[in-house]
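Novice: Here you go, sequence then predicted model.
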Amino acid sequence: QKMLYGNPKLEGCIDELNEAELVYNIKLKAAVASLKARVPDIKVVYINIFDSFMDIVRNPAKYGFETSNRGCCGTGYIEVGITCNSNVSFICPDASKYVFWDAVHSTERTYRLTAKIVLDKYISQLLS
């Protein structure tokens, strides 16, 4: 995700945080595999949301978004929470064109799209 990290005009992702998430996901996937090996009747599915979400962030036009490097609310750099609400005039006219609502949170359309991509990819594992 986009995070405020040192520079208030930072646009984009922070490599160190994404790398930490990748390491975590590798360890989680291994832990799930280990658990399934030890308890054969258990139903656990590792679902990789990170790659699907990052594809949306890196290729916004592929999914019908116009921008993924700024949020819809405020300047898009550091506004979160109370500064981004319907009473503020710094809200874009169409949030569905943005991947991010503010500097941290995705838009509703992004959440729905991510959920659909993940569900389509993993539904067979969830139902088997």
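Specialist: Sure thing, it's come through. Residues are numbered from 1 along each chain as shown.

Novice: and after whichever helix in the chain runs longest, which helix or strand comes next?
Specialist: The residue-count maximum for a helix in the chain (DSSP state H) belongs to helix 15-38. Once the chain leaves helix 15-38, the next helix or strand it forms, by DSSP states H and E, is helix 49-58.

Novice: how far does stretch 99-106 stretch from start to finish?
Specialist: Stretch 99-106 has an end-to-end distance of 6 Å (criterion: CA to CA, to the nearest Å).

Novice: Next, name the residue at the spatial heart of this structure.
Specialist: F53 (4.5 Å; CA atoms, centre = their mean).

Novice: Can you verify my assumption that that one contacts T114?
Specialist: Yes: between F53 and T114 there is a contact under CB atoms under 8 Å: 5.3 Å. In this view, the C-beta of every residue, glycine as well, is placed from N, C-alpha and C.

Novice: Mean pLDDT per element in this protein, and the minimum belongs to which helix or strand?
Specialist: When each helix and strand of the chain is scored by mean pLDDT, DSSP states H and E, strand 67-71 comes last, with a mean of 87.

Novice: how about it as PDB, C-alpha atoms only?
Specialist: Extracted C-alpha coordinates of strand 67-71, given in PDB (Å, rounded to 0.1, in the frame of the first residue of the first chain):
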ATOM      1  CA  THR A  67      -5.000   6.600 -11.400                       C
ATOM      2  CA  SER A  68      -3.300   4.500  -8.700                       C
ATOM      3  CA  ASN A  69      -0.600   6.900  -7.500                       C
ATOM      4  CA  ARG A  70      -2.900   9.400  -5.700                       C
ATOM      5  CA  GLY A  71      -6.000   9.100  -3.600                       C
END
